[in-house]
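# Got a predicted model here, sequence first, then my questions.
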Amino acid sequence: MTMDMPEQTTVPSYVHTQKIHPINTNQLLRELPKEVDQRILPHLELVTLELGQVISEAGSKQRYVYFPLDSIISLLYVMENGASAEIAVVGNDGMVGVALFMGGESTTSRAVVQSAGFAYRLLGQRLVDEFNRHGAMLHLMLRYSQVLLTQMAQTAVCNRHHSIEQQLCRWLLISIDRLPNNHLQMTQELIANMLGVRREGVTDAAGKLQRMGIINYSRGHIEVTNRRLLEKTCCECYEVVKRESARLMSPHQSCKSS
């Protein structure tokens, strides 16, 4: 007498990956309704992003979009002489690659990994196809684009009218909001490149914040030890972006759009 063995089912590898690195770590992926998830999830690829890695260059066609999980990606404008300045920060709140669904396919900014970690990568054409369904993805991405534009505009205002100390405070708050803890690995030289200022200015500002008990800084490692005082020392630019992001990306807005 022979017994029929139970049929074995193969669980797709992407399911295992997303159990270890949940997609809901990223706010945009978390907001997608179930029917969009079913079309998108099987095509998400988990990638490791290294500090300083360039994931897209200015003027080049963007083939992939990236949804950071615990990594941070800076969008930088680089001048002809090599000088650069950060125009926006993308972490687990968003996505790199909005030019693809906006129709431009490329931008004038360079996307560089500011804090190493993981991200989900998706072929850009799949995002465009979903966007062109004129459903939940379209509304979500348009709202996120407005958040990103707000951040860019406020960064420009901050860099023009506020002190290096205030700019550094804003940058620290934006960064730790997108990380699982209050620790950053970042040299003063890299911070200066992000802010578009001289390294000496960052050294002075970081030293003052450390004397105030706001941060601990040692050998490229920054720990924010007093967030409340950091927010108090910062200019209004951080709160402007934070409020607009909360308004546009809230679950209530998602329900209205869908």
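Received it, and whenever you're ready, just let me know what you need.

# mind listing the strands for the stretch 1-150 of the chain?
Under the criterion DSSP state E, counting those that start in this stretch, the stretch 1-150 of the chain contains strands at 45-49, 54-56, 64-68, 72-78, 84-90, 110-115, 117-123.

# How about the stretch 151-258 of the chain?
Using DSSP E, counting those that start in this stretch, the strands of the stretch 151-258 of the chain run over 183-185, 215-218, 221-224.

# Compare those strands and give me the one nearest Ser56.
Of all these, the one in closest proximity to Ser56, counting by Cβ to Cβ, is strand 183-185 (21.9 Å). In short, each C-beta sits where N, CA and C put it, glycine included.

# State the mean pLDDT of that closest one.
If you average the pLDDT over strand 183-185, you get 86.

# can you check stretch 30-38 too?
Averaged over stretch 30-38, pLDDT sits at 89.

# buried residues in it?
By neighbour count, and taking 16 or more other Cβ atoms under 10 Å as the criterion, the buried residues in stretch 30-38 are Glu31, Leu32, Val36.

# how close does the first one get to Val224?
Glu31 sits 27 Å away from Val224, going by Cβ to Cβ, to the nearest Å.

# Going along the chain, name the helices of the chain.
Taking DSSP state H as the criterion, the chain carries its helices at 13-20, 27-31, 34-40, 98-102, 124-131, 136-161, 164-177, 188-195, 199-211, 227-233, 237-249, 251-257.

# CA-only coordinates of stretch 172-189 in CSV, if you can.
Taking only C-alpha atoms (Å, rounded to 0.1, in the frame of the first residue of the first chain), the coordinates of stretch 172-189 have been written out as CSV:
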residue,chain,number,x,y,z
LEU,A,172,20.3,66.4,12.0
LEU,A,173,16.5,66.3,12.7
ILE,A,174,15.6,65.4,9.2
SER,A,175,18.2,62.6,9.2
ILE,A,176,17.3,61.0,12.6
ASP,A,177,13.6,61.1,11.7
ARG,A,178,14.5,58.7,8.9
LEU,A,179,16.6,56.3,11.0
PRO,A,180,15.7,53.7,13.6
ASN,A,181,17.8,55.5,16.3
ASN,A,182,19.6,58.8,17.1
HIS,A,183,23.0,57.7,15.7
LEU,A,184,24.6,58.8,12.4
GLN,A,185,27.9,57.9,10.8
MET,A,186,29.0,61.1,9.0
THR,A,187,32.2,63.1,8.9
GLN,A,188,32.2,66.8,9.1
GLU,A,189,33.6,67.0,5.6
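
# for the residue lying closest to Ser60 once chain neighbours are set aside, what are its contacts?
Setting aside the residues directly before and after it, Ser60 is nearest to Ser106 in space (Cβ to Cβ, 6 or more residues apart in numbering), at 5.9 Å. Applying Cβ atoms under 8 Å, 6 or more residues apart in numbering, one finds that Ser106 lies in contact with Ala58, Gly59, Ser60, Lys61, Gln62, Ala99.
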